[in-house]
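*Asks:* Have a look; sequence and predicted model below, questions after that.
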Amino acid sequence: MGRQHWKKIWVGSAGNMVEWFDWFVYASFATYFAGAFFPSGNPTAQLMNTAGIFAVGFFMRPVGGWLLGRVGDRKGRKAALTLTVSLMSASAILIAVAPTYGAAGYGGALVLLVARLLQGLSVGGEYAASATYLTEASDPRRRGFASSFQYVSMTAGQIAGLGLQIILQRTMSDSALHSYGWRIPFIVGALGAAIVFYLRRSMLETEVYEADASHAEERGTLRALWQHRREAFLVIALTMGGTVAYYTYTTYLTKYLSNSAGLPKRTATLVSFTALIVFACLQPLAGALSDRIGRRPLLITFAVGSTLLTVPILTLLKHADGYWPALGLTLLALVVVTGYTSINACVKAELFPTGVRALGVALPYALGNALFGGTAEYIALWFKKAGIESGFFWYVAGCAAVSLVVYVTMRETKDLDLARVSDRTDSSLTTAS
């Protein structure tokens, strides 16, 4: 892979990392600021309120997917990527300065809600723009490897957030973190977004997009996407199991280890931090493997493993009594999830023609995430509050089983020519021979 390809991947990934740093620090610091925006009382109820606002951000993702996907297809991948990071910076600033319940009543929660809506709008477009950019910018023989850096950068953003949390936990008192320390990561995120905005202004457009000869008026339109509706529904279905599993073992894991397993917050955070470093390193390896053996084998391996192992892993995690048992089980889960995360970006991008690729990835993926990824944490807490926490384990396994059916029946996309994907017969639900 040439130097120019690496430069494109680096710039796209750097922005993605900041986007997801801001997105995930909301979840990882929620245990500290949940009480700041809602009346004192049941801690689980406070977490459910903040998780509910977290889920609302996901429901803006389809809107962001539509608007920013349209920008990406009509104005270029660069334009969409620059706009997404600008929105994310604005949302981080809002959270950093939001007033508490004691100062403004529910006014602070309203500011938090507006910020999450902006984040949802931004991330709804960021995923598709970066997935499309990384897939198009890479060597056709290394698309799986190159696009895997999307989840490397996403995970790096979360690692940075958790790393900052560990530093703050060890340099600030618990009361200081609950009082004002939780605002620090959002200030850091806003500054990081400003730096990436500068980098993205000078990034190069992909050759595939520049060479596209489709009619400008048809690019990025819902009418054009409707011509590829089978692929759009396929994206939703193949996203279902992967996004539920991913958010279970990343954003929700720290809370689960703390609230259900009873581990100290510091231990739970350290487990997540260590596991995510290993997880990030696995992504390029699995992506490169898919370039050799295809995408479907990895997706099927993930779905089978998640269907069969989710209930045992989460059950054992609930009874983990220390760092090492919790880390071992978490790593096992994330190794399974790697079969999905490492290649899902390129699989979705490979399904659509250039003129509707960003919108085709953005809108259906955002819908799948809103329905399944964004609600995972809230559903988990609902089962816990109802006294049947194990019901959530079966829910995660069931979602993976549904996606397994899709993976088994879809055709292989590894060898498709991105410049020639033009009709539904190129990427249908029919199994490859």
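*Replies:* Sure, I can see it. Computed from a predicted structure; not experimentally measured. Numbering: from 1, shown residues only.

*Asks:* Enumerate residues external to the host helix or strand of residue 146 that contact any of its residues.
*Replies:* Under the criterion of DSSP states H and E, residue 146 resides in helix 143-147. Residues outside helix 143-147 that contact it (C-beta atoms under 8 Å, 6 or more residues apart in numbering) are 1, 5, 9, 131, 134-135, 137-139, 284, 287-291, 295, 342-343, 345-346, 349-350, 414. Quick note: C-beta positions are derived from backbone N, CA and C, even for glycine.

*Asks:* Now intersect those with the helices, please.
*Replies:* 5, 9, 131, 134-135, 137, 284, 287-291, 295, 345-346, 349 (DSSP state H).

*Asks:* Restricted to buried residues, select those in ChimeraX.
*Replies:* Burial among these is assessed by 16 or more other C-beta atoms under 10 Å; the matching ChimeraX selection reads:
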select :9,131,134,135,137,284,287,289,290,291,295,345,346,349
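
*Asks:* Is residue 418 in a helix, a strand, or coil?
*Replies:* What DSSP: H, G, I helix; E, B strand; the rest coil gives for residue 418 is coil.

*Asks:* From what I see, it and residue 135 are in contact.
*Replies:* Yes - taking C-beta atoms under 8 Å as the definition, residue 418 is a contact partner of residue 135 at 7.1 Å.

*Asks:* what sits in contact with each of the two?
*Replies:* 349, 350.

*Asks:* Which of the helices or strands spans residue 33?
*Replies:* Using DSSP H and E, residue 33 sits in helix 30-37.

*Asks:* Which secondary structure elements does that helix sit against?
*Replies:* helix 43-59, helix 107-137, helix 174-179, helix 253-259 (3 or more C-beta pairs under 8 Å, 6 or more residues apart in numbering; DSSP states H and E).

*Asks:* if I pick the closest residue to residue 348 other than its chain neighbours, what's in contact with it?
*Replies:* Excluding the flanking residues, the one nearest residue 348 by C-beta to C-beta, 6 or more residues apart in numbering is residue 361, at 4.6 Å. Listed by C-beta under 8 Å, 6+ apart, the contact partners of residue 361 are 69, 127, 128, 131, 132, 235, 345, 348, 349, 352.

*Asks:* Tell me the one among those residues nearest to residue 78.
*Replies:* The closest of the contacts of residue 361 to residue 78 turns out to be residue 132 (C-beta to C-beta; 11.2 Å).

*Asks:* Is the closest one in contact with residue 359, as I believe?
*Replies:* No - the criterion here is C-beta under 8 Å, and residue 132 misses it with residue 359 at 9.5 Å.

*Asks:* Overlap in contacts, those two.
*Replies:* Common neighbours of residue 132 and residue 359, counting by C-beta under 8 Å, 6+ apart, are residue 72.

*Asks:* Looking at the two, which has the bigger crowd around it?
*Replies:* Remark: of residue 132 and residue 359, residue 132 carries more neighbours, 34 against 31, as counted by other C-beta atoms under 10 Å.

*Asks:* Please tell me the pLDDT value assigned to residue 85.
*Replies:* At residue 85, the pLDDT value in this model is 87.

*Asks:* Now for the residue nearest to residue 125 when sequence neighbours are not counted, how many residues are close by?
*Replies:* Nearest residue to residue 125, sequence neighbours excluded (C-beta to C-beta, 6+ apart): residue 68, at 2.3 Å. Residues near residue 68, counting by other C-beta under 10 Å, number 32.
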